[in-house]
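Colleague: Got a predicted structure plus its sequence, pasted below:
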Amino acid sequence: MPPRADLLPGTLDLLILKAVSLGPLHGYAVLLRIEQITGGALLVEQGALYPGLFRLEHRGLLKSEWGVSDNNRRAKYYRLTEAGRRQLRTERESWNRLAAAMAAALGTRAGEV
Amino acid sequence: MWTRLRSGLGGMVRRGRVERDLADEVEFHLRERAEHWVRQGLPQEEAARRARIEFGAVERHKEDCREALGLRLVDELGGDIVYGLRKMRAAPTFTMVAVSILAISIGANTAVFSVLEAVVLRMLPVERPQQLREFAWINRRDSPLKVVVHGGSTSFAYPVYAHVRDRSTVFGDVFLFDQRALDVGMSGREQRVPGLPVSGNFLRGLGVSLMIGRSIVPEDDRVEAPAVAVLTHGFWQRVFGGDSSALGQTLAVNGTPAVIIGVTARTFEGVEPGSPIDVIVPITTLLPADEARAALGNSRYWRYRVMGRVKAGVDDERVRLETEALVQQALPVDSAGDKPSVLPRVLVTPAGQGVGSLRRNYARPLYLLMTLMFVVLLIACANIAGLLLTRATAP
């Protein structure tokens, strides 16, 4: 099992946005997708997903709709809104900038300052 | 922000459904996860247990979901209200004092505001009152304009009114009225009631709705037309008991028998706040035929009040200027055939709230009173806050 990292606050929302960006999913599928795209490296307490989904929908970044799952059960599907798409793009860019800056800072050696 | 507000309000309103959906969604998740473990080879019960453990504390997550929807606020508010009521019951005297102080000041504010609203703020219950204007004129003291003026500078002569009505390009309609007491009689009994003689286009022009029957139309306002009358709702209730058989009955108006053709809507009491009227008649009804022609054709007899409905999008000053020009054109000439050298200035004032001096005279005092009452309320609130603080910090 690859080493697990703790989820920083706020990253869950970003992961949800990314997971849903590839197509409408119900809550459980979002969980599986997150596990899949992070290669299992990020730990998500399953129940914590739902407040995240509700929060994003409350902010207008996701839109939900009740539908029928593959095995014919009633399930709530989430999809990305236009605002959600824009938010994903913005957050992804700032995340990349932050990660690059941190990596550079942590990688400097004694004589390089 | 609006999405959040909508989402929050929506959640509050459909609370039952939100709870059911939340429960369904969580149950779906747990069932799917349990099936995943069953596929991995675990027995049913073990799989379900594993799924629940992985999910975490169900109720806590549900609570977080509710909070995310902004529902927490409502629950906390409920709790706070119950606590407040309990505290109030525990200190009855104080509660009574505080409630009385607030009740009195709120009552005073409400009373003053009702008067303010009725006299100053309320619009006439007619169509689009913001378009209504009343005509007025001012004259210099030394003006040689010799006319007989009744009641002040909102009075106009009939031919002047007719001239403006026919020629105006800024007014969609111009109508005329007079407020005077009428002797109305039925089966021999007579009483003096406040009446409103009007031009034929008055009720239609204002857009007064009728409860029953039909309105006065320009055809009724001819000397040769049969006399008709429209009653106001209050008069109809008092004299006819609200019976619709009043239509078609004959009412003597200043001696002239007039057929009752309609009753106005309940909210219409005339155009002058504070002076409700009972009977509306076409202006020609009141005058015997030859007198009608004389009065209505006399440009020296200034008695009647004029209102108009201004067309949309026209500048106020342009309305005034054109109306002034038309009025001046219609002024009577003196013995030499000339118009007076100093012409009156015509004003066109908004009349959406009705006409008359009541508002003019009482608007400012009422506003002052309202402000004072409001200050009293603020003081009362400050007093109660102080009392509460004292109680809270008392040893």
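Modeller: Ah, there it is. Numbers count the residues shown, from 1 in each chain, chains lettered A, B, ... in the order given.

Colleague: gap between the residue nearest to the spatial centre of chain A and B:Val346?
Modeller: In chain A, the residue lying closest to the centroid (Cα atoms, centre = their mean) is A:Leu15, at 0.8 Å. Distance, A:Leu15 to B:Val346, using Cβ to Cβ, to the nearest Å: 75 Å. Every C-beta, even on glycine, is put in place using the N, C-alpha and C of the backbone.

Colleague: and what of B:Val26?
Modeller: The gap separating B:Val26 from B:Val346 is 76 Å, by Cβ to Cβ.

Colleague: Could you check which of the two has the larger neighbour count?
Modeller: B:Val346 (22 against 19; other Cβ atoms under 10 Å in any protein chain shown).

Colleague: and the residue nearest to B:Arg52 when sequence neighbours are not counted, what helix or strand is that in?
Modeller: Once flanking residues are discounted, B:Arg52 sits nearest to B:Leu30: 6.3 Å by Cβ to Cβ, 6 or more residues apart in numbering or on different chains. Counting by DSSP states H and E, the element that carries B:Leu30 is helix B:15-39.

Colleague: Next, count neighbours for the residue lying closest to A:Leu15 once chain neighbours are set aside.
Modeller: Counting by Cβ to Cβ, 6+ apart, the nearest residue to A:Leu15 once its immediate chain neighbours are dropped is A:Ile34, at 5.0 Å. If you count neighbours by other Cβ under 10 Å, A:Ile34 ends up with 21.

Colleague: Next: B:Leu203.
Modeller: 27.

Colleague: Show me what the helix or strand harbouring it is packed against.
Modeller: Using DSSP H and E, B:Leu203 falls within helix B:202-206. Applying 3 or more Cβ pairs under 8 Å, 6 or more residues apart in numbering or on different chains; DSSP states H and E, we find helix B:202-206 packed against strand B:171-177, strand B:301-310.

Colleague: Could you dump those into JSON lines with distance to chain A, mean neighbour count and mean pLDDT added?
Modeller: Shown next, in JSON lines, are these (distance: least, Cβ to the nearest Cβ, whole Å; neighbours: other Cβ atoms under 10 Å in any protein chain shown; pLDDT from 0 to 100):
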{"stretch": "strand B:171-177", "distance to chain A": "46", "mean neighbour count": "23", "mean pLDDT": "92"}
{"stretch": "strand B:301-310", "distance to chain A": "45", "mean neighbour count": "23", "mean pLDDT": "88"}
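
Colleague: could those go into CSV alongside distance to A:Gln87?
Modeller: Below are these laid out as CSV (distance: least, Cβ to Cβ, whole Å):
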stretch, distance to A:Gln87
strand B:171-177, 53
strand B:301-310, 51
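
Colleague: Next, the contact list for the residue nearest to B:Gly213 when sequence neighbours are not counted, please.
Modeller: Excluding the flanking residues, the one nearest B:Gly213 by Cβ to Cβ, 6+ apart is B:Gly262, at 3.0 Å. Going by Cβ atoms under 8 Å, 6 or more residues apart in numbering or on different chains, B:Gly262 touches B:Leu210, B:Met211, B:Ile212, B:Gly213, B:Arg214, B:Ser215, B:Ile216, B:Val230, B:Leu231, B:Leu247.

Colleague: Just the strands from the stretch 201-350 of chain B, written as ranges.
Modeller: Counting by DSSP state E, counting those that start in this stretch, the stretch 201-350 of chain B has strands at residues B:210-213, B:228-231, B:250-253, B:256-264, B:279-282, B:301-310, B:345-350.

Colleague: Just the buried residues of the fourth one, please?
Modeller: Meaning strand B:256-264. B:Ala258, B:Ile260, B:Ile261, B:Gly262, B:Val263, B:Thr264 (16 or more other Cβ atoms under 10 Å in any protein chain shown).

Colleague: farthest pair in those residues?
Modeller: In the buried residues of strand B:256-264, two members sit farther apart than any others by Cβ to Cβ. They are B:Ala258 and B:Thr264, at 15.5 Å.

Colleague: And the strands in chain A, which stretches?
Modeller: A:25-26, A:62-68, A:74-80 (DSSP state E).

Colleague: And these: which comes nearest B:Ala225?
Modeller: Of all the strands of chain A, strand A:62-68 sits nearest to B:Ala225, with 66.5 Å by Cβ to Cβ.

Colleague: Contacts for that closest one, please.
Modeller: With contact meaning Cβ under 8 Å, 6+ apart, strand A:62-68 is reached by A:16-17, A:20, A:24, A:26, A:53, A:56-57, A:74-81, A:84, B:21.

Colleague: what lines up beside that strand in the sheet?
Modeller: Sheet pairing of strand A:62-68 (DSSP bridges) gives strand A:74-80 (antiparallel).

Colleague: Just want the angle from the strand it pairs with to helix B:15-39.
Modeller: Using axes from the mean of the first three to the mean of the last three Cα atoms, to 10 degrees, the inter-axis angle of strand A:74-80 relative to helix B:15-39 is 100 degrees.

Colleague: sec struct for the residue of chain B most remote from its centre, please.
Modeller: What lies farthest from the middle of chain B is B:Gly41; by Cα atoms, centre = their mean that is 74.6 Å. Under DSSP: H, G, I helix; E, B strand; the rest coil, B:Gly41 falls in the coil class.

Colleague: Flag the shaky bits of chain A, pLDDT-wise.
Modeller: For chain A, applying pLDDT under 70 flags the ranges A:1-9, A:41-44, A:109-113.

Colleague: So which elements touch the helix ranked longest in it?
Modeller: Using DSSP state H, we find that the single longest helix of chain A is helix A:82-107. If you count contacts as 3+ Cβ pairs under 8 Å, 6+ apart, helix A:82-107 packs onto helix A:11-21.

Colleague: Strands along the stretch 1-150 of chain B, start to end?
Modeller: B:132-138, B:148-149.

Colleague: Give me the mean pLDDT for the shortest one.
Modeller: Within the predicted structure, the mean pLDDT of strand B:148-149 is 54.

Colleague: what's the answer for stretch B:80-90, then?
Modeller: Averaged across stretch B:80-90, the pLDDT comes to 89.

Colleague: For the stretch 251-395 of chain B, just list every one of the helices.
Modeller: Listed in chain order, the helices found in the stretch 251-395 of chain B under DSSP state H, counting those that start in this stretch are B:283-286, B:289-297, B:316-329, B:357-393.

Colleague: Could you say which one of the ones you listed comes nearest to B:Met88?
Modeller: When the helices of the stretch 251-395 of chain B are compared (using Cβ to Cβ), the closest one is helix B:357-393, at 11.2 Å.

Colleague: show me what contacts B:Val281?
Modeller: By Cβ under 8 Å, 6+ apart, the contact list for B:Val281 reads B:Leu182, B:Gly195, B:Leu196, B:Pro197, B:Val198, B:Ile216, B:Ala227, B:Val228, B:Ala229, B:Val230, B:Val253, B:Ala258.

Colleague: Go ahead and confirm the second one touches B:Ala181.
Modeller: To tie it back to what came earlier, the one meant is B:Gly195. Yes - applying Cβ atoms under 8 Å, one finds B:Gly195 in contact with B:Ala181, separated by 6.4 Å.

Colleague: so who does B:Gly172 touch?
Modeller: B:Gly172 touches B:Gln131, B:Gly308, B:Arg309, B:Val310, B:Lys311, counting by Cβ under 8 Å, 6+ apart.
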